[in-house]
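Undergrad: coords please:
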Amino acid sequence: MREVTEVWPSVAAAALAAALYVATANNSAGGGDSGELLSVAWDFGVAHPPGYPLWVMLTWVMGTLWPEWGMYLVSPLAGGVCVGFVHAAVLLATGSHAAAVLAAGAQAVAPANWQWSTTSEVFALNNACCAVLLYCGTRYIIVPYRRSSTLLWTAFATAVALGNQHTCVVFIVPSAALVLTHYVAVSDGFDTEKLVVLGFSAAVFLVAFFLLYLQLFASTAFNTSVHVWGAAFDLQGVVTHMLRREYGTFSLAQQTADYAQVDFWGSLMDWSVHTVQQLPVAVLALSALGLFVPIDLTAPAAGGDAPGTTASSGKGSRKGKPKPRPAVRLGQRHPDRDRFTLTSLQVLLLTCLASYLTFFGVLGNLPLGTELFRSVQERFWLQPFLIIAVASGLGVAKAVTVSRGRLAATRFSWLPLEQVALTAATVWIAASAVGQYSMQDRRGRTWVEDFGADVLRPLKPGAVLFTKGDIVTNSVRYAQTVRGVRPDVVNVDIEMLRSEWYVPRLKAVYGDAVDLPGPKYSPKGGFVAEQLISANIGKRGVYLAYDFHEKDRGWRKSYTPVPTGIADELLPTAVVEKWPTAVHKATVAAVRRCYPGAIERNWNASAPSDPAPREAWDKVVSGDYWASLYRAGQYLADKSALLTQRGQPKRAAEAAETAGDVLAHVFNHGGNHTTPYVRALASRTLAAVLLPKLNAPQPGGDEALAALAKLPVAALREFVRVAADLPAKIPAADVASAQRQLAALPSTFTSVDS
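TA: Numbering: from 1, shown residues only. As a prediction, the model looks like this:
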């Protein structure tokens, strides 16, 4: 049978893509939600809304079967499945192996698809589910005599897809509307058999959907892990979690002032630019051809039946055995493809694409002006790219058909256009894969894992660590849960602490290891940061990375964050103010000890052979390292100013010198790996703390000059320039004096320029 003979090319395409992805997959956590999802899967817990039960269960099974690598294979294998079904859909629609290969290749080697097929996240699995749905839609259109069985498989595939990421619903709703309307009202009318098929399909969908989301209830009720998000103890809790009500059902992020702006046309333009960056112009042109130009492949294959003779949609085709159809050989077109069915497929693809872009253009609330938020949004542009890939295959089939017709009456009629197109597609795919391989190779990229370990390493035994922000919280979760780093530390997520279900979960898991003075973290009906710190300080080490709620600042009157690494230790201010300078300098030394596993290996300018961060989340991690080092320098700079006010110039000079060393390191070696604001703050601090001392007769002026002289002259000029913009802090006379003394610095200080 033709259906069997066409399976193996698609299986081969899936296997090749999966092999490519497995060979370049990251066997550690990536940025974003990767650390959280892997930790949840490790404990068979519940992820953030909507819970992603399909991904959690698959990853847990793979991790159980193969503890070392299994969890990290879900995305590569899902990416391969996606490519295979793209190939199958185009081959079924066109009968052209060249068209199918190009479409599968476009899906496989597009940079964004490759990236997320090698990262442990939910997006590759979502792509696979959506590719299956597109194949089902194609099969419904192209193989009319099997529409009833196709509907049953589609119902099951729909439930499975909704068990992962809910953006697939933007494909499901318009597709279901088109297909069901045709099935009920157009195709031979409505009868009892169709009613039975629809009822059975609905039952298949509901049962599969219920079984998947039963995981939320089971894990919430019986799992004793801390990695259980939400309160899915009953049907209402499951529905609340599934519909993402705590985020806003139709929003990418929680509804706040920062994430409230929607720019439809700007979002559409950003998607267009992103798509152009993924594929060559020629492939995009074929996609446009496949989407918008009516396709006519009515000429029968050699030795085949006339169009439509084997694909009757009448009732007789359901009662009698369908007539066997010839297999599609290389270069042939299948007789069942006619203008009507292929145009229907184009309508289906365009409807899905338009629905998706409209949905995210209207409801997407992430500000795309920053690289990080843009990278978050780009993950959701993987789904519409499936349409572009399938359409490129339709475009190849159209181009080959038109070219064959125009060359038929010329001396070039002998050209095997199908084989030429297949060869060209194969060469492009191979060249693109080879060209991107080193960039897409994520093996051994443990930056996020190292970051979590570096956060935990300096903490006291049995400490409690309050974290705020995806990257620090998720990296710590992953390091503790999956890698077993510092399991004695209690990690408390400040954002989740604002939910009433989180406090009971913490108490059940940690018991007396952490004290929580109320039902939730909230000024209304709960507790504030000062109460939380007071309940724990003195009993155990208390650390913070990076801050409590921006409106909760009362704790800073009683407690001081002391740099001890990436996280700060919270101590009573009265105790910290009595510390000698040596203790303050020791805290900065502790900060620097965090970096052998990260900055010195991966990001230090003195080690250019090591890979630099090239993805948005990696840059966030890098920026957080440098920001923590800046905070340590700023901490000592503040102490220097305080000691100066108290009439202790020698100690002030010691603190200022160390601050200068630390901030100079940030400025000189942070480079492009740190965020610009850190460099700007470092330069402002040096200008404010050190430059005035150049003209100061009190003790400490020489030490300050020595600290300043360690910097490259270009950095000094930048500090002087910044100082000139701070007249309220540095008098103009001091700035002028600093400029004169800068010009008079010994040549040994000015010979090295940044």
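Undergrad: Which other helices and strands does the helix or strand where residue 272 lies contact?
TA: Element membership of residue 272 [criterion: DSSP states H and E] is helix 264-278. Secondary-structure packing of helix 264-278 (3 or more C-beta pairs under 8 Å, 6 or more residues apart in numbering; DSSP states H and E): helix 111-116, helix 339-363, helix 371-378, helix 382-407. Just so you know, the C-beta spots here come from the backbone N, C-alpha and C atoms, and that holds for glycine as well.
Undergrad: Repeat the analysis, applying 7 Å as the threshold.
TA: helix 339-363, helix 382-407 (3 or more C-beta pairs under 7 Å, 6 or more residues apart in numbering; DSSP states H and E).
Undergrad: Would you mind listing where the protein has pLDDT under the threshold?
TA: Residue ranges of the chain with pLDDT under 70: 1-5, 186-190, 247-263, 296-342, 363-374, 579-615, 664, 667-754.
Undergrad: Report the buried residues of the helix holding residue 272.
TA: If you call a residue buried by 16 or more other C-beta atoms under 10 Å, then helix 264-278 has these buried ones: 267, 270-271, 274-275, 278.
Undergrad: And for stretch 51-65?
TA: For stretch 51-65, a neighbour-count test (16+ other C-beta under 10 Å) marks 51-60, 62-63 as buried.
Undergrad: Could you provide the residues you listed in JSON lines, with additional columns for distance to residue 654?
TA: As requested, the buried residues of stretch 51-65 are arranged in JSON lines below (distance: C-beta to C-beta, whole Å):
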{"residue": "51", "distance to residue 654": "54"}
{"residue": "52", "distance to residue 654": "53"}
{"residue": "53", "distance to residue 654": "57"}
{"residue": "54", "distance to residue 654": "59"}
{"residue": "55", "distance to residue 654": "54"}
{"residue": "56", "distance to residue 654": "53"}
{"residue": "57", "distance to residue 654": "58"}
{"residue": "58", "distance to residue 654": "57"}
{"residue": "59", "distance to residue 654": "52"}
{"residue": "60", "distance to residue 654": "54"}
{"residue": "62", "distance to residue 654": "55"}
{"residue": "63", "distance to residue 654": "51"}
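Undergrad: In strands only, show me the residues you listed.
TA: If you go by DSSP state E, the buried residues of stretch 51-65 have nothing in strands.
Undergrad: Between those residues, which sits nearest residue 573?
TA: Taking C-beta to C-beta as the measure, residue 573 lies nearest residue 51 of the buried residues of stretch 51-65, at 42.6 Å.
Undergrad: Contact partners for the closest one?
TA: Residues counted as contacts of residue 51 (C-beta atoms under 7 Å, 6 or more residues apart in numbering) are 216, 241-242.
Undergrad: Of the residues you listed, just say which sits nearest to residue 652.
TA: Closest to residue 652, out of all of the contacts of residue 51 and judged by C-beta to C-beta, is residue 241, at 54.5 Å.
Undergrad: Assess the claim that the closest one and residue 49 are in contact.
TA: Yes - between residue 241 and residue 49 there is a contact under C-beta atoms under 7 Å: 5.2 Å.
Undergrad: Looking only at neighbour counts, state which of the two leads.
TA: In this view residue 241 and residue 49 are compared by other C-beta atoms under 10 Å, and residue 241 has more residues nearby, 24 against 21.
Undergrad: For the more buried one, give me its contacts.
TA: Residue 241 neighbours (C-beta under 7 Å, 6+ apart): 49-51, 216, 230, 232.
Undergrad: do the same with residue 496
TA: Applying C-beta under 7 Å, 6+ apart to residue 496 gives the contacts residue 502.
Undergrad: quick thing: my sequence starts at 587, can you match it?
TA: Okay, using 587 as the starting number, the last item reads as residue 1082.
Undergrad: so how far is residue 817 from it?
TA: For residue 1082, the distance to residue 817 equals 12 Å [C-beta to C-beta, to the nearest Å].
Undergrad: between residue 827 and residue 635, what contacts are shared?
TA: Listed as contacting both residue 827 and residue 635 by C-beta under 7 Å, 6+ apart are residue 816.
Undergrad: which one among the buried residues of stretch 637-651 gets closest to residue 621?
TA: residue 645 (12.9 Å).
Undergrad: Which residue, neighbours along the chain excluded, lies closest to that closest one?
TA: Among residues not flanking residue 645 along the chain, residue 627 sits closest, at 3.7 Å (C-beta to C-beta, 6 or more residues apart in numbering).
Undergrad: quick one: that neighbour and residue 648 touch, right?
TA: No - contact between residue 627 and residue 648 fails when scored by C-beta under 7 Å: they sit 8.6 Å apart.
Undergrad: and for these two, which residues touch both?
TA: Here residue 627 and residue 648 share the contacting residues residue 657, scored by C-beta under 7 Å, 6+ apart.
Undergrad: And the closest residue to residue 866 other than its chain neighbours, how far from residue 872?
TA: Spatial nearest neighbour of residue 866, chain neighbours left out: residue 1014 (7.5 Å); criterion: C-beta to C-beta, 6+ apart. Plainly put, residue 1014 is 11 Å away from residue 872 if you go by C-beta to C-beta.
Undergrad: Between those two, which has more neighbouring residues?
TA: Shown here are residue 1014 and residue 872; by other C-beta under 10 Å, residue 872 has more neighbours (27 against 19).
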